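Based on what follows, work out the 3D shape:
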Amino acid sequence: MGKMLLRNGLLFRFILSYTIFIIAVFSISSWFFYRYSENTLEKELEKRLLNTAEIVASTIPVNYLVRLKPGDEDTPLYIFLIRNIEKIKEASKARDIFVFDRQNRVLLDADREAPIGKEYLLLRLDLSELETVWQGMPSTSTLYWGADGKLYKSGYAPIKDETGNIVAVVGIEAGAEFLEIVNRLRTQMLFIGLLSIAVAVIIGFVIARSIVNPLNHFIYAIETEAMPSKVNIRTGGEIGFLAERFNAMVDKLNEKDSLLQGMYEKEKARADSISEMSASVAHEIRNPLGAITGFVELLENKVANESGKALIENIMFEIKNLNHIITDFLSFAKKPFLEIKEIDAESFLDSIINSAIAAREFKDIKVEKSITPNLHLQIDPIEMRKAVFNIVINALQSMTAGGALTILAEKKDSNIGLLISDTGKGIPKDIQGRIFDPFFTTKERGTGLGLAIAYKIIEAHKGAITFNSKEGEGTTFIIRLPVRPI
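Below you'll find the predicted structure:
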């Protein structure tokens, strides 16, 4: 399931990013094209309006125009002037052409809807444009909606007399039909864009498959086995070269694995032989030690003076110490055979702490515990007791002037964590990498096997042990044990 999600996720991300890129490029380019077309056509409309307005202004006799007054709509002069602008209106396909004075009062209206002298109220919307015209420069309005629901634009040009004075202004109104063209173009572009995106997605899917499928072979080769297997990819380019180098790497790894496997088998056989021999030697040493202990006890009954008894006590102490060393050595030499049981964590840890403190008569030690209630450990209690006991003893021995021993136990996800902290001297940095090595010790008397035995037992439980330490502040050992069914 995880591999399927990985493959699909890679393909999905490739297609998604490719599609987003195509949509972004198309959208941005379409928007620029649309705005460019709209601006170009609007400028063309402005140019046509101004040209038409200037033509009308140049064809109207100023001396006739100034003679018009309200009520002259039926006079030959008015009819002559109206017919002149009507012809221009028809030729330019304008919506309306009109002439007005400084007070926005109509002088001529090609539609003959506004009488002479009536104020054209809509001109109040173009005050800034008209101000430009009355200063002698042609101008156009912005686009606006007409009563029929269509967009229009107006152009204005001044009418001047012989002395250059502006006596009136020509206004020409035309529909912005180009926007309908642009809107149709936008619809077509949208359709073409959607079709292009669909085609791009299909092409992207094909391209993505050609890249993702070879990568899936790599994923299977890496994850399906402990040792990567060769990939069968018949393609050129970088992926083909990568497959070729990957297969060459797998061949080398297989060669090295075979070599290491042979070396491991030999080393393992050698280590097993040494362990068996060491265990046998330790047993042979222990037997005479038992006899020596018995003889010393008999001798103790026959020695009456105090100096002799003191010597016998020293001999017994050294025999016990040697017996302890042999016990540690046998524990390290033999492979742990685990009998997993479920036990209460708090009772288990309390027993170890009490035994460790009582065994060496440690003083001024404050014990702090934080153990999750009803927490159970799936362990071999005898073997794990050895491991935790050795760690606790080390923690206590590091606090020669007293201190605090902290024990924490909690369940997190599929593991149980045990933390054993002390406030002792800490472990120097230069030896932190060696503390789990067999026979390594910084103590005058000691085998150097305590932590090595703990590491071996915890590893046999499929667990892990790590530590954090700072000189002068103390050390924390972290044991993680798996939660598993009994």
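
doesn't residue 98 fall inside a strand?
Yes - counting by DSSP: H, G, I helix; E, B strand; the rest coil, residue 98 falls inside a strand.

That one: how many residues sit nearby?
When neighbours are counted by other Cβ atoms under 10 Å, residue 98 registers 23. Every C-beta, even on glycine, is put in place using the N, C-alpha and C of the backbone.

pretty sure it contacts residue 171?
Yes - contact criterion Cβ atoms under 8 Å: residue 98 and residue 171 qualify, at 5.0 Å.

Pull up the overlap in contacts between those two.
Common neighbours of residue 98 and residue 171, counting by Cβ atoms under 8 Å, 6 or more residues apart in numbering, are residue 120.

And residue 94, how far from residue 105?
Applying Cβ to Cβ, to the nearest Å, the value for residue 94 to residue 105 is 21 Å.

of those two, who's got more company?
Neighbour count, other Cβ under 10 Å: between residue 94 and residue 105, residue 94 has more, with 24 against 17.

isn't that one right up against residue 173?
Yes - contact criterion Cβ under 8 Å: residue 94 and residue 173 qualify, at 6.4 Å.

what sits in contact with each of these two?
By Cβ under 8 Å, 6+ apart, no residue touches both residue 94 and residue 173.

the helices in this structure, which residues?
Counting by DSSP state H, the chain has helices at residues 2-59, 62-65, 76-92, 127-134, 177-223, 237-302, 306-333, 345-360, 381-397, 450-460.

outside of the second one, which residues touch it?
Same thing as helix 62-65. Residues beyond helix 62-65 that count as contacts (Cβ under 8 Å, 6+ apart) turn out to be 77, 80-81, 99, 107-108, 159-162, 167-168.

what's the neighbour count on the residue nearest to residue 434 when sequence neighbours are not counted?
In space, and not counting its chain neighbours, residue 434 is closest to residue 440: 5.0 Å by Cβ to Cβ, 6 or more residues apart in numbering. Per other Cβ under 10 Å, the neighbour tally for residue 440 reads 15.

Also residue 23?
16.

How about the contacts made by it?
residue 197 are the contacts of residue 23 under Cβ under 8 Å, 6+ apart.

what bits of the stretch 1-150 of the chain have low per-residue confidence?
By pLDDT under 70, the low-scoring segments of the stretch 1-150 of the chain are 1-15, 18.

picking that back up, show me which of the contacts of helix 62-65 are buried.
Among those, those buried by neighbour count (16 or more other Cβ atoms under 10 Å) are 81, 99, 107-108, 159, 167-168.

now the closest residue to residue 468 other than its chain neighbours: how far from residue 391?
Among residues not flanking residue 468 along the chain, residue 476 sits closest, at 4.9 Å (Cβ to Cβ, 6+ apart). Per Cβ to Cβ, residue 476 is found 11 Å from residue 391.

do residue 381 as well
From residue 381 to residue 391 the distance is 16 Å (Cβ to Cβ).

Tell me which of those two has more neighbours.
Remark: of residue 381 and residue 391, residue 391 carries more neighbours, 25 against 14, as counted by other Cβ under 10 Å.

Skip the chain neighbours and tell me the closest residue to residue 408.
residue 419 (4.1 Å).

quick one on the thing from earlier: among the buried ones among the contacts of helix 62-65, which ones are in strands?
99, 107-108, 159, 167-168 (DSSP state E).

Max pairwise distance over those: which two?
108 and 167 (12.6 Å; Cβ to Cβ).

thinking the residue nearest to residue 434 is in contact with residue 448, fair?
Yes - if you go by Cβ under 8 Å, residue 440 and residue 448 touch, sitting 4.7 Å apart.

how about low-confidence regions in the stretch 301-450 of the chain?
Residues of the stretch 301-450 of the chain that meet the criterion pLDDT under 70 lie in 302-304, 306, 309, 317-318, 321-336, 359-361, 444-447.

and residue 170, how far is that from residue 57?
Separation of residue 170 from residue 57 (Cβ to Cβ): 5 Å.

Ok, residue 366 next?
106 Å.

what's the answer for residue 443, then?
114 Å.

Compare neighbour counts for those two and give me the winner.
Between residue 443 and residue 57, counted using other Cβ under 10 Å, residue 57 has the larger neighbour count: 21 against 10.

so the more buried one touches residue 156, yeah?
No - with contact defined as Cβ under 8 Å, residue 57 does not reach residue 156; the gap is 9.5 Å.
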